[in-house]
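1. The following comprises the amino acid sequence and a computationally predicted model.
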Amino acid sequence: MDMRIGKLWLHRRIIDSSVFKNETKLKVWIWCLSRANHTTATFPWNGTDITLHPGQFITGRTVASQELDMSEQRYRTAMAYLKATERITIKSTNKFSIITVKNWAIYQSNNKNQPAKHPTNNHQSTTDKNDKNVKNETLAPSVGTLGNEIIDLFQEINPSYRELFKRRNQRDACERLLATHSFEMIKKAVEFAQAKRTDRFCPAITTPAELEDRWARLEKYAVGLRNGPDAGPKWKVWV
């Protein structure tokens, strides 16, 4: 399959992502998105069949550095960053590596195929019935499902967190956060903001919208703690 055929969905919010700040990391990240399979594919390798799922692809350091037109060292450094920020996972053998883009289904979801923004009660009832009919299927988590989980993260720092489910701006903020960060990284950010909320230098974050708006400030604050003379908690942040 020629991976150069087809379209790639890239969210506009990538310009607010930390990966956008470094041209090498950005180049490698877009390369990963471009190389990833969009369907399940099986092919023979040394007498066995290897199956790749959507979001996965196979590569090696030499081939990758040639495609990217960069040194193997720069490639390894960028891939280590993408792995550390939980954008990808890497499973290596002595012959090749299988790269998996985490949250692939979210990154490449087509808005044209999404349900109506304000479904009627009848539509919602039908959706609920359909959900019951697919219990035995393995489904990629939707933005809506993960968005609910993000709001749940705020229950310890926002006594009125249940009201956030009703607010469209908060749900939209969850979608934009998931377009640029993994759920695991968002969770770490909320937990960090909660742990440091009594520090007057830490930006106040009690909702998804505030997390989205103050992400860069929280990141700068966390890096300062990690690198300062009074090194604080080792929260995994971008370098």
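-> That came through, no problem.
2. Regarding residue 42, what is its secondary structure?
-> Classification of residue 42 using DSSP: H, G, I helix; E, B strand; the rest coil returns strand.
3. now the strands for this structure?
-> Ranges of strands in the chain, per DSSP state E, are 41-45, 48-52, 56-59, 88-92, 97-101.
4. Please parse the protein into its domains.
-> Following automatic domain parsing, the chain resolves into domains at 12-107, 141-239.
5. Tabulate those in CSV, adding columns for mean pLDDT.
-> Below are the domains of the chain laid out as CSV (pLDDT from 0 to 100):
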stretch, mean pLDDT
domain 12-107, 88
domain 141-239, 79
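6. what are the ranges of the helices in this protein?
-> For the chain, the helices defined by DSSP state H cover 23-35, 61-68, 72-84, 104-107, 121-132, 143-152, 168-180, 183-195, 208-213, 215-227.
7. looking at the ones you listed, which is closest to residue 51?
-> helix 104-107 (15.3 Å; C-beta to C-beta). Heads up, the C-betas are built off the backbone N, CA and C, glycines and all.
8. If you tally nearby residues, what's the number for residue 77?
-> Using other C-beta atoms under 10 Å, residue 77 has 16 neighbouring residues.
9. same check, this time on residue 71
-> Residue 71: 10 neighbours (other C-beta under 10 Å).
10. Go ahead and confirm it touches residue 64.
-> No. Look at residue 71 against residue 64 with C-beta atoms under 8 Å: they stay out of range, at 10.9 Å.
11. most remote residue from this structure's center?
-> The centre of the chain is farthest from one residue, residue 47, which by C-alpha atoms, centre = their mean lies 34.5 Å away.
12. what residues are up against the residue nearest to the spatial centre of the chain?
-> Centrality entry for the chain: nearest residue to the mean C-alpha point is residue 182, 2.7 Å, by C-alpha atoms, centre = their mean. Going by C-beta atoms under 8 Å, 6 or more residues apart in numbering, residue 182 touches 85, 86, 87, 102, 103.
13. Skipping adjacent residues, who's closest to the last one in space?
-> With C-beta to C-beta, 6 or more residues apart in numbering as the measure, residue 182 is the residue that lies nearest to residue 103, at 5.7 Å, once sequence neighbours are left out.
14. ok, the one you found to residue 39 distance?
-> Residue 182 sits 22 Å away from residue 39, going by C-beta to C-beta, to the nearest Å.
15. Check residue 28 too.
-> Counting by C-beta to C-beta, the gap from residue 28 to residue 39 is 23 Å.
16. Between these two, which is the more surrounded one?
-> Using other C-beta under 10 Å, the more surrounded residue of residue 28 and residue 39 is residue 28, with 24 against 8.
17. and the closest residue to that one other than its chain neighbours, what does it touch?
-> When the adjacent residues along the chain are set aside, residue 28 lies closest to residue 78, with 3.9 Å between them (C-beta to C-beta, 6+ apart). Applying C-beta under 8 Å, 6+ apart, we find residue 78 in contact with 24, 25, 27, 28, 29.
18. out of the residues you listed, who's nearest residue 15?
-> residue 29 (12.9 Å).
19. OK, contacts around the residue nearest to that closest one when sequence neighbours are not counted?
-> In space, and not counting its chain neighbours, residue 29 is closest to residue 19: 5.1 Å by C-beta to C-beta, 6+ apart. Residue 19 sits next to 25, 26, 29, 81, 82, 85, 87, 238 when contact means C-beta under 8 Å, 6+ apart.
20. Surely the fourth one is in contact with residue 24?
-> No. Look at residue 81 against residue 24 with C-beta under 8 Å: they stay out of range, at 9.1 Å.
21. So which of the two has more stuff around it?
-> Neighbour count, other C-beta under 10 Å: between residue 81 and residue 24, residue 81 has more, with 20 against 15.
22. What is the burial count for the residue nearest to the more buried one when sequence neighbours are not counted?
-> Nearest residue to residue 81, sequence neighbours excluded (C-beta to C-beta, 6+ apart): residue 25, at 5.5 Å. Neighbourhood size, residue 25 [other C-beta under 10 Å]: 23.
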